[in-house]
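Student: Give me a model of this one.
(one chain, ligands or ions: 2)
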Amino acid sequence: MSRKLIVQKFGGSSVANVERIQRVAERVVSYKKKKRDLVVVVSALGDTTDELIELANKINSEPSEREMDMLLSTGEQISVALLAMAIHKLGFEAISFTGSQVGIITDTSHTRARIIKINADKIKEALKQDKIVIVAGFQGVTLNQDITTLGRGGSDLTAVALAKELKADECEIYTDVKGIYTTDPRIEPKAKKIKALTYDERLEMASLGAQVMQARSIEVAKKFGVPIHVRSSFTRETGTMIIKEVKNMEEVVVSAVTLNKGESKITICNVPDRPGVAAKIFNGLAIKGVSVDMIVQNVSHLRQTDISFTVSKVGAAKTFKTTKKIAKSLGTGEILEDDNIARVSIVGVGMKSHPGVAAKMFEVLADNKINIEMISTSDISISCIIQKKFAEIAVKALHEKFGLAK
Ligand code: ASP
Ligand code: MG
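Tutor: Ligands and ions are numbered 1, 2, ... in the order given. Below is the predicted model:
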């Protein structure tokens, strides 16, 4: 009879210092004592990755991506070795591996590589010998033996991919929060830990600006149906399950309220209202690698219209310049930029089957005298762009009105 296999991933904050590494070791060992097979994926200690990036930029502001991967992968190599030593100290057998040692084969897109396949033989062999297997997150290797990394937050992806490959019974993602919340508890102390969420809701929340878990890892989990348990490494209580379908889902209309202050709004005034103009503007931006988020084109008057769109604040200056150039060639009016905006969103699969959700959201904002500047919807979310100074009020009011504090 085979034993239960658990893949556990510990993020950087869970292994930020000696004491925390020891705590993780104790926790891992406590599961081993329950006769579990364990594969433990670890991120780099604390802010190591950020520090390494900073260091690289001091040497060369445009470092080669291959060398960047060589550098960043060292962070995780440190953590796995230290965790193995901490487990040995507790009298248990453990062995650490890099991504390349356990055969996480990726494509050659350095700094954002995709996993092609995993040769898990080495892991299976070590498990057979009853060892706790510790794997460096966030990294892989190309068929050419070049080390790659899987994009920021990529240890989550390592864990999910290993859970799939090894057919693990559980995939636990340990972090410094107790799970995923109905909204950011720093804004609304009444925020509640969500028991279960669907992959789609989680993906939607990520794209709308809520952290915790790399989006790509959720996509992979969704594709292969790997259930995920996001929980705290500091307590024993259960966290949030991310799964395919949530029971009684129909009763919950809205699962979470999210906030994103990371966008700027650009408006092109008096755009000639004729076919092909929008295509010209957004093609021009796409060629420059700008990814545009929300777009609104106002009603036309006198064959002219205003077009507004939002973009990430990162690189907004470059976008503004590019937009100006394009606009000039089209003979439009002024270009305005507003970086005092915020996007508040409500997310929930339940809204598919409940009418009037959007109307209720708009009403809540109106009751609080908050003007809506842009609106966008998907089948499981509604977002409004408002002025940044009202962001917190909006989040709290929506959280309350959609019954999330209960
Ligand atoms: N250390 C890497 C990062 O900070 C990978 C991870 O934490 O998952 O992005
Ligand atoms: Mg990290």
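Student: ok, how many other residues are close to the residue nearest to Lys389 when sequence neighbours are not counted?
Tutor: Excluding the flanking residues, the one nearest Lys389 by C-beta to C-beta, 6 or more residues apart in numbering is Asn340, at 7.3 Å. Heads up, the C-betas are built off the backbone N, CA and C, glycines and all. Asn340 has 11 neighbours, counted by other C-beta atoms under 10 Å.
Student: quick one: is the top helix by length along the chain near ligand 2?
Tutor: If you go by DSSP state H, the chain has its longest helix at helix 65-89. No: Helix 65-89 does not reach ligand 2 (C-beta under 5 Å from the ion); its nearest approach is 7.6 Å.
Student: next SSE after that helix?
Tutor: strand 94-97 (DSSP states H and E).
Student: Off-centre distance for that following strand?
Tutor: 27 Å (C-alpha atoms, centre = their mean, to the nearest Å).
Student: That one pairs with which strands, and in what direction?
Tutor: Paired neighbours of strand 94-97 in the sheet (DSSP bridges): strand 132-136 (parallel).
Student: Now do the very next helix or strand once past the partner strand, average pLDDT.
Tutor: Going down the chain from strand 132-136, the next helix or strand is strand 139-141, by DSSP H and E. The pLDDT scores in strand 139-141 average 98.
Student: which strands and helices sit next to strand 139-141?
Tutor: Helices and strands touching strand 139-141, by 3 or more C-beta pairs under 8 Å, 6 or more residues apart in numbering; DSSP states H and E, are helix 65-89, strand 104-106, strand 147-149.
Student: for Asp37, which residues make a bridge with it?
Tutor: Leu5.
Student: For it, grab the count of nearby residues.
Tutor: 24.
Student: quick one: contacts for the closest residue to ligand 2 within the stretch 201-350 of the chain?
Tutor: Nearest to ligand 2 in the stretch 201-350 of the chain, going by C-beta to the ion, is Gln214, at a distance of 10.1 Å. With contact set as C-beta atoms under 8 Å, 6 or more residues apart in numbering, Gln214 has these partners: 151-157.
Student: measure it to ligand 1 for me?
Tutor: 7 Å (C-beta to the nearest ligand atom, to the nearest Å).
Student: follow-up on the earlier one: let me have the contacts of Gln214 in JSON lines, extended by distance to Asp306, pLDDT and neighbour count.
Tutor: Listed next are the contacts of Gln214 as JSON lines, based on distance: C-beta to C-beta, whole Å; pLDDT from 0 to 100; neighbours: other C-beta atoms under 10 Å:
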{"residue": "Gly151", "distance to Asp306": "36", "pLDDT": "95", "neighbour count": "18"}
{"residue": "Arg152", "distance to Asp306": "36", "pLDDT": "95", "neighbour count": "15"}
{"residue": "Gly153", "distance to Asp306": "37", "pLDDT": "95", "neighbour count": "20"}
{"residue": "Gly154", "distance to Asp306": "40", "pLDDT": "97", "neighbour count": "28"}
{"residue": "Ser155", "distance to Asp306": "44", "pLDDT": "98", "neighbour count": "29"}
{"residue": "Asp156", "distance to Asp306": "41", "pLDDT": "97", "neighbour count": "30"}
{"residue": "Leu157", "distance to Asp306": "41", "pLDDT": "98", "neighbour count": "29"}
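Student: List, out of the residues you listed, those positioned next to ligand 1.
Tutor: The residues of the contacts of Gln214 that also fall near ligand 1, by C-beta under 6 Å from any ligand atom, are 152-156.
Student: Relative to Leu83, which of the contacts of Gln214 is nearest.
Tutor: Nearest to Leu83 among the contacts of Gln214, counting by C-beta to C-beta, is Ser155 at 12.7 Å.
Student: count of residues packed around the nearest residue to the closest one once chain neighbours are set aside?
Tutor: Residue nearest to Ser155 in three dimensions, not counting chain neighbours: Gly137, with 2.6 Å by C-beta to C-beta, 6+ apart. Using other C-beta under 10 Å, Gly137 is surrounded by 30 other residues.
Student: isn't Gly137 right up against Lys9?
Tutor: Yes: counting by C-beta atoms under 8 Å, Lys9 is a contact partner of Gly137 at 6.5 Å.
Student: Mind listing the shared neighbours of these two?
Tutor: Shared contacts of Gly137 and Lys9, defined by C-beta under 8 Å, 6+ apart, are found at 41-43, 155-156, 158-159.
Student: got the contact list for the residue in the stretch 101-250 of the chain positioned nearest to ligand 1?
Tutor: Per C-beta to the nearest ligand atom, Ser155 is where the stretch 101-250 of the chain lies closest to ligand 1, at 3.1 Å. Shown in contact with Ser155 (C-beta under 8 Å, 6+ apart): 9, 11, 41-43, 76, 137-138, 214.
Student: roughly how far apart are it and Lys261?
Tutor: Remark: distance between Ser155 and Lys261 (C-beta to C-beta, to the nearest Å) = 26 Å.
Student: returning to what we had before: what's the most buried one of the helices and strands packed on strand 139-141?
Tutor: Greatest average neighbour count among the helices and strands packed on strand 139-141 goes to strand 147-149 (a mean of 27), per mean count of other C-beta atoms under 10 Å.
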